[in-house]
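[1] coordinates only, no sequence provided:
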DNA sequence: AAGTGGTCTAGACCACCAC
DNA sequence: TGGTGGTCTAGACCACTTG
């Protein structure tokens, strides 16, 4: 009745290699952020070819146990960050609370016009001014996320003049006295493509999680729309409902 | 001498093949649930080998545009189902509301004892009786999800005797007068492994989304713990917060 | 300069599914 | 039974990172 686990000689070779690597990770002989031996060396160790070794590595990557840094090698994934997108308190504060180190870099700030897609999401009119802020965030030195933040310059005058390499939430509170009220969060797993893949420094096609949030103030005025592109193994989403 | 554009080399072949297939999907000449030509034929059409054709197909799979049915072929993904895990009304009702057809199959029902992991999640004591219900759900004939549902037999006497091929939410309301109150939802992207991969009929390593929910009644008593293993391209999560 | 992962070729055999 | 995807071999060259 119960499904049988893979028999040791019946399973495909790449899954047997996967199992051996997974054991090393679980027993701790491969610690988080450790770099693995090269694909060629792994292939030799397991008596197979690079293609098969790569299948095993890719399987562990899909499971969120390994990640790769472009052309630098394969590394053991650290634990997932617990992320509560429904909460509006400072992201950087609770990264710190989980004993991790957050870095934020502003990629660019671009005044632009509201597109039809943005208009539908925000309630602004097509052509209205809007400011696009792109940031990259790293946890413990690893880039795990890039975000497009669309800001409403009518609600946030001179927003483009501030420093964004810090908590946006605190900036909005201190400078604009905004109480964010989340309205709608959407998310789905998908592969990272350009330009996000390059921004994070991963191969096109790396598994990701797309998260978008639209926030308004207490009066219901549109404040900011957030699009986040996460590495799929970097986070675990948590939502509490009462 | 190779021509260069802005210092960048041409895109890899498998991404150019991907682009051409993606165009056909977008322009509608490949409709949802259409089966693609075989890998060997695609390789020939694009003047390359199966390995490269498979790279292109796998890329589109990771993006959620194509899916495969084990050893049957590649198909165009239908639109994602919008899923609101914070709501406790009938899942089947809102699948229907989106114009899709839901089927539910009970895989097995197993009385068992509360494990340490379950105890931590539910608040029950290790060794307490608990009932495991495993179900598979299909949308428009495609299996997209298997779930492990752990039911509290103390709160739900004789629960194992009912028919589960219908809405569990309605069953709990009608037979046990339960008002579910969600407490905590967690989810993260990961690859499907056995036994879920076989239950859904996909290859080990297919991208998935793991969702778990713990529900209690109005008095805070544990009612059921839900573990869902979704195909990653089948859904879009939506959470509204006020 | 050496080594890494990224991409690609041209084959092969197997398990499984539809006809 | 013929065709499919799943797995695997044994090489190759290229782009990029690192020492």
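    Nice, thanks for sending it over. In this text, all values refer to a predicted model and were calculated from it rather than measured experimentally.

[2] the residue in chain A that DNA strand D sits nearest to: how many residues sit nearby?
    Nearest residue of chain A to DNA strand D: residue A:13, at 2.8 Å (CB to the nearest atom of the strand). (C-beta placed from N, C-alpha, C; glycine too.) For residue A:13, the count of nearby residues is 15 (other CB atoms under 10 Å in any protein chain shown).

[3] need the contact list for it.
    A:46, A:48, A:52 (CB atoms under 8 Å, 6 or more residues apart in numbering or on different chains).

[4] if you set the cut-off to 10 Å instead, what comes out?
    The contact partners of residue A:13, by CB atoms under 10 Å, 6 or more residues apart in numbering or on different chains, come to A:46, A:47, A:48, A:49, A:52, A:53, A:55, A:56.

[5] also residue A:155?
    Per CB under 10 Å, 6+ apart, neighbours of residue A:155: A:172, A:176, A:178, A:216, A:217, A:219, A:221, A:222, A:223, A:224.

[6] that's a helix at it, yeah?
    No: secondary structure assignment (DSSP: H, G, I helix; E, B strand; the rest coil) places residue A:155 in coil, not in a helix.

[7] max-length helix in chain A?
    Longest among the helix segments of chain A by residue count, using DSSP state H, is helix A:13-27.

[8] just checking, residue A:39 touches residue A:57?
    Yes: the pair residue A:39 / residue A:57 is scored as a contact, 7.0 Å apart, by CB atoms under 10 Å.

[9] tell me, what's touching those two both at once?
    Residues touching both residue A:39 and residue A:57 (CB under 10 Å, 6+ apart): A:50, A:74.

[10] which of the two has more residues huddled nearby?
    Neighbours around residue A:39 and residue A:57, counted as other CB under 10 Å, are more numerous at residue A:57. The numbers are 22 against 18.

[11] sec struct for the more buried one, please.
    Once three-state DSSP is applied, residue A:57 turns out helix.

[12] that one and chain B, how far apart?
    11 Å (CB to the nearest CB, to the nearest Å).

[13] over to the residue nearest to that residue when sequence neighbours are not counted. Which of the three states is it?
    Residue nearest to residue A:57 in three dimensions, not counting chain neighbours: residue A:74, with 5.5 Å by CB to CB, 6 or more residues apart in numbering or on different chains. The three-state label given to residue A:74 by three-state DSSP is strand.

[14] swap in residue A:103?
    Classified using three-state DSSP, residue A:103 is strand.

[15] ok, residue A:225 - contacts?
    A:118, A:121-122, A:124, A:130, A:132, A:148-152, A:184, A:212-215.

[16] which non-adjacent residue is nearest it?
    Using CB to CB, 6+ apart, the closest residue to residue A:225 is residue A:150 (4.3 Å).

[17] residue A:111 is in contact with the one you found, correct?
    No: Residue A:150 sits out of contact with residue A:111 when judged by CB under 10 Å, with a separation of 11.0 Å.

[18] so for those two, which residue has more residues nearby?
    When neighbours are counted by other CB under 10 Å, residue A:150 comes out ahead of the other of residue A:150 and residue A:111, with 22 against 12.

[19] contact partners for that one?
    A:112, A:114-115, A:118, A:121-122, A:124, A:130-133, A:214, A:222-227.

[20] how about it: which residues does it bridge to?
    Following DSSP bridges, residue A:150 is listed with bridge partners residue A:132, residue A:225.

[21] and the pLDDT for it?
    What the model reports for residue A:150 is a pLDDT of 97.

[22] show me where chain A has its helices.
    A:13-27, A:39-45, A:50-62, A:91-97, A:116-122, A:168-176, A:196-200.

[23] which residue packs closest to residue A:85, ignoring adjacent ones?
    Residue A:85 sits nearest to residue A:185 (CB to CB, 6+ apart), 5.2 Å away.

[24] residues near the one you found, how many?
    Around residue A:185 there are 21 residues (other CB under 10 Å).

[25] could you give me the buried positions within stretch A:232-241?
    Under the neighbour-count criterion of 16 or more other CB atoms under 10 Å in any protein chain shown, stretch A:232-241 has A:232, A:233, A:234, A:235, A:236, A:237, A:238, A:239, A:241 buried.

[26] my understanding was that the first one contacts residue B:188; is that so?
    So the one you mean is residue A:232. Yes: contact status for residue A:232 versus residue B:188: in contact at 7.7 Å, counting by CB under 10 Å.

[27] list residues touching both of the two?
    In contact with both residue A:232 and residue B:188: A:64, A:80, A:189, A:209, B:209, using CB under 10 Å, 6+ apart.

[28] tell me the buried residues within those residues.
    Going by neighbour count (16+ other CB under 10 Å), the shared contacts of residue A:232 and residue B:188 have A:64, A:80, A:189, A:209, B:209 buried.

[29] I'd like these as JSON lines, with distance to residue B:103 and pLDDT appended.
    Below are those laid out as JSON lines (distance: CB to CB, whole Å; pLDDT from 0 to 100):
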{"residue": "A:64", "distance to residue B:103": "30", "pLDDT": "94"}
{"residue": "A:80", "distance to residue B:103": "32", "pLDDT": "96"}
{"residue": "A:189", "distance to residue B:103": "23", "pLDDT": "96"}
{"residue": "A:209", "distance to residue B:103": "28", "pLDDT": "97"}
{"residue": "B:209", "distance to residue B:103": "20", "pLDDT": "97"}
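
[30] buried members of the contacts of residue A:150 into ChimeraX, please.
    In ChimeraX, this line selects whichever of the contacts of residue A:150 come out buried by 16+ other CB under 10 Å:
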select /A:114,118,121,122,124,130,131,132,133,214,222,223,224,225,226,227
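
[31] ok, now which ones touch the closest residue to residue A:165 other than its chain neighbours?
    Nearest non-adjacent residue to residue A:165, counting by CB to CB, 6+ apart: residue A:104, 5.1 Å away. Neighbour list for residue A:104: A:91-92, A:135-138, A:145, A:147, A:164-168 [criterion: CB under 10 Å, 6+ apart].

[32] quick check: residue A:104 vs chain B, distance?
    Separation of residue A:104 from chain B (CB to the nearest CB) stands at 22 Å.

[33] now do residue A:218
    For residue A:218, the distance to chain B - CB to the nearest CB - is 11 Å.

[34] likewise for residue A:179?
    For residue A:179, the distance to chain B - CB to the nearest CB - is 13 Å.

[35] with residue A:227 instead?
    14 Å.

[36] pLDDT score for that residue?
    96.

[37] so which residues on chain A come close to DNA strand D?
    A:12-15, A:47-52, A:55, A:69-72 (CB under 7 Å from any atom of the strand).

[38] and with 6 Å instead?
    With CB under 6 Å from any atom of the strand as the criterion, chain A meets DNA strand D at residues A:12, A:13, A:14, A:48, A:49, A:50, A:51, A:52, A:55, A:71, A:72.

[39] domain assignment for chain A?
    Structural domains annotated on chain A: A:13-76, A:81-237, as defined by automatic domain parsing.

[40] thanks a lot, catch you later.
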